[in-house]
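> sequence below, structure please.
(one chain, ligands or ions: 1)
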Amino acid sequence: MGPTRIAVFADTHLTDPNIDSQSLFPRQLAKLLPDTARRLYEHLCLSIAQANYEVLNNIVDFQSPMDMVIHLGDFTGGWQERGMCEQSLIDFAKREVYLWRYICSNLRFCLGGHDTGYTHPGSLPGSGMSYRSLISCAEIFGDLWWFKRHDDICLLGICSSVAAYTGNDPDLLCMRKLQENAVAGKIAELSNAPWILFAHEPFLPKRIRNLLKGASRTCKAFIHGHRHDPKYTKFFRALGIVTHDPFLRISNTCPSVAPLWWPGCGWMEVTIENHKVTIQNHQVPVPESIAKLPTASFLRCLWWMLRPG
Ligand SMILES: [Fe+2]
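From the prediction side, this is the model:
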């Protein structure tokens, strides 16, 4: 039996070009003239989509087919920090997922806060995660948490937004409990089998971490998105922040595909063979049009993310 090859993507931030989605730097855009803001918004969204397709085409054209594709969340830019709660975004996300399934039908997601709705106080009225958004997410992206076996290694994907929910909505608390029960059950089933953990956010809430901890010794890798740049993992490790957390100690950031924070266009290849896990990050060439985006460097992006009141 040959190796199992998995392509991992994260933080594509495919954003509905409708400026009402307010998913990209809403405060800065609000300071511009409406027409200028609308045009810039469309330009950013379409350029991000273009970058994604270029990365995907590179992989489809030049690599042998992958056994599995995992997307580690922030697949979309969401809608007003409320996730999948607007038909325009739901239709947009369905269309994009349909295109991704052409690349690999064995496609799994570990969704992020933009997809589900924020789990921290947002800056827009009505922001937050809702049951409606999670149900739409499940319909569009499939299971919010999942478990797969490949070559005697178990893959466990969780939804860090559901795990981090701290509100009082009984439906959302029920979802959180369902995920915790499923994770506890799978961890018990593992016995001593090696496994890999996948999630959007690197910092997992205590409740879910406690459930996972029992099997941390056999966890081969924790692969997450959210930080957009793998350099951040090295930076935090150098600061000693990750020393005591068994999962952060073996964590790897999947590079972002989207040209946000820095000229992105990266993806991760995970190879499993004879119980060994090899992780390799790939950077693909950044097209001129994307490198010039007003968000395509750390400092430029920081400026756009600063949110004057
Ligand atoms: Fe992101």
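> what about His26, how many residues nearby?
Check again: residue 26 is Pro, not His. Pro26 has 17 neighbouring residues, counting by other CB atoms under 10 Å. For glycine as for every other residue, the C-beta is placed from the backbone atoms N, C-alpha and C.
> so what's it up against?
123-124 (CB atoms under 8 Å, 6 or more residues apart in numbering).
> tell me which stretches of the stretch 201-309 of the chain form strands.
For the stretch 201-309 of the chain, the strands defined by DSSP state E, counting those that start in this stretch occupy 219-224, 251-253, 266-273, 276-283.
> would you put the C-alpha positions of the first one in CSV?
Below are the C-alpha coordinates for strand 219-224, written out as CSV (Å, rounded to 0.1, in the frame of the first residue of the first chain):
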residue,chain,number,x,y,z
CYS,A,219,-1.0,12.5,18.8
LYS,A,220,1.4,12.9,15.9
ALA,A,221,0.5,16.4,14.9
PHE,A,222,-1.9,19.2,15.5
ILE,A,223,-2.6,21.0,12.3
HIS,A,224,-4.5,24.3,12.3
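> tell me the angle it makes with strand 276-283.
20 degrees (axes from the mean of the first three to the mean of the last three CA atoms, to 10 degrees).
> the ion contacts on the stretch 1-150 of the chain?
11, 74 (CB under 5 Å from the ion).
> what's Leu155 sitting at in phi/psi?
phi -110, psi 130 (degrees, to the nearest 10).
> if you could redo that for Glu81, that was the one I meant.
The phi/psi pair for Glu81 (degrees, to the nearest 10) is phi 60, psi 20.
> need the contact list for it.
By CB under 8 Å, 6+ apart, the neighbours of Glu81 are 22-23, 114, 117-118, 122-124, 127-128.
> would you mind listing which of those residues are buried?
For the contacts of Glu81, a burial check counting by 16 or more other CB atoms under 10 Å picks out 22-23, 114, 117-118, 122, 127-128.
> the helices in the chain, which residues?
Taking DSSP state H, the helices of the chain run over residues 26-30, 34-62, 87-103, 113-116, 131-141, 160-163, 170-190, 206-213, 231-238, 246-249, 288-291, 298-305.
> let me have these in JSON lines, extended by mean pLDDT.
Formatted as JSON lines, those follow (pLDDT from 0 to 100):
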{"stretch": "helix 26-30", "mean pLDDT": "78"}
{"stretch": "helix 34-62", "mean pLDDT": "84"}
{"stretch": "helix 87-103", "mean pLDDT": "91"}
{"stretch": "helix 113-116", "mean pLDDT": "97"}
{"stretch": "helix 131-141", "mean pLDDT": "98"}
{"stretch": "helix 160-163", "mean pLDDT": "98"}
{"stretch": "helix 170-190", "mean pLDDT": "97"}
{"stretch": "helix 206-213", "mean pLDDT": "94"}
{"stretch": "helix 231-238", "mean pLDDT": "78"}
{"stretch": "helix 246-249", "mean pLDDT": "87"}
{"stretch": "helix 288-291", "mean pLDDT": "72"}
{"stretch": "helix 298-305", "mean pLDDT": "78"}
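> so which of those helices is the most packed in?
helix 113-116 (a mean of 28; mean count of other CB atoms under 10 Å).
> can you tell me what sits against that helix?
13, 23, 73-78, 81, 83-84, 93, 109, 119-120, 129, 133-134, 137, 141, 159, 161-162, 200-201.
> follow-up on the earlier one: between the contacts of Glu81, which sits nearest Asp245?
Tyr118 (23.3 Å; CB to CB).
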